[in-house]
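Asker: okay, here's the prediction I keep looking at, along with the sequence it came from:
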Amino acid sequence: MANIKSAQKRARQSEKNRAHNMALRSRMRTAMKKVLKAISQGDRDEAQTAYRNAVPLIDGMVTKGLIHANKAARHKSRLNARVRGLGE
């Protein structure tokens with residue numbers, strides 16, 4: 001543990017922020033898994049709904065600086081391609 005008071009406070013804040021970031025990241029992953037689950041079941045309507053719910057979460061992670069914009073774009077693109085592939 002840090003000896004300097006400001007370093008102690010920073011350590012407390014870092015742990016609190018880390019817990020918050022983990023929860024947000026987990027929420028994003030869960031939303032993506034819901035899309036993949038609907039795709040695997042072949043339910044196009046459910047997959048589209050889950051995808052529409054997942055996109056704002058993924059974009060929110062970029063705004064908060066938790067993931068890179070390119071990673072978000074990659075996830076959205078791949079999920080969307082799989083959802084659209086269900087119709088064929």
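Answerer: Looks like it came in fine.
Asker: kindly list the longest helix within the protein.
Answerer: helix 5-40 (DSSP state H).
Asker: pLDDT at Ala2, what is it?
Answerer: pLDDT, Ala2: 84.
Asker: burial of it, as a residue count?
Answerer: As a burial measure, Ala2 scores 11 neighbours (other C-beta atoms under 10 Å). Yep, even glycine has a C-beta here, placed from its N, CA and C like the rest.
Asker: same question, the one 10 residues further on
Answerer: For Arg12, the tally of surrounding residues (other C-beta under 10 Å) stands at 11.
Asker: same for the longest helix of the chain, what does it pack against?
Answerer: helix 44-63, helix 69-85 (3 or more C-beta pairs under 8 Å, 6 or more residues apart in numbering; DSSP states H and E).
Asker: deepest-packed of those helices, please.
Answerer: Most buried of the helices and strands packed on helix 5-40, by mean neighbour count (mean count of other C-beta atoms under 10 Å): helix 44-63, with a mean of 16.
Asker: could you dump that helix to CSV, C-alpha only?
Answerer: Taking Å, rounded to 0.1, in the frame of the first residue of the first chain, the C-alpha atoms of helix 44-63 are listed here in CSV:
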residue,chain,number,x,y,z
ARG,A,44,-33.8,-13.8,-37.2
ASP,A,45,-36.2,-11.4,-35.4
GLU,A,46,-34.6,-12.0,-32.0
ALA,A,47,-31.1,-11.7,-33.4
GLN,A,48,-32.0,-8.3,-35.0
THR,A,49,-33.5,-7.1,-31.7
ALA,A,50,-30.5,-8.2,-29.8
TYR,A,51,-28.2,-6.6,-32.3
ARG,A,52,-30.1,-3.3,-32.1
ASN,A,53,-29.7,-3.4,-28.3
ALA,A,54,-26.0,-4.3,-28.4
VAL,A,55,-24.9,-1.6,-30.8
PRO,A,56,-25.4,1.3,-28.3
LEU,A,57,-23.6,-0.6,-25.6
ILE,A,58,-20.7,-1.2,-27.8
ASP,A,59,-20.6,2.4,-28.9
GLY,A,60,-20.8,3.5,-25.3
MET,A,61,-17.7,1.5,-24.5
VAL,A,62,-15.8,3.5,-27.1
THR,A,63,-17.1,6.8,-25.7
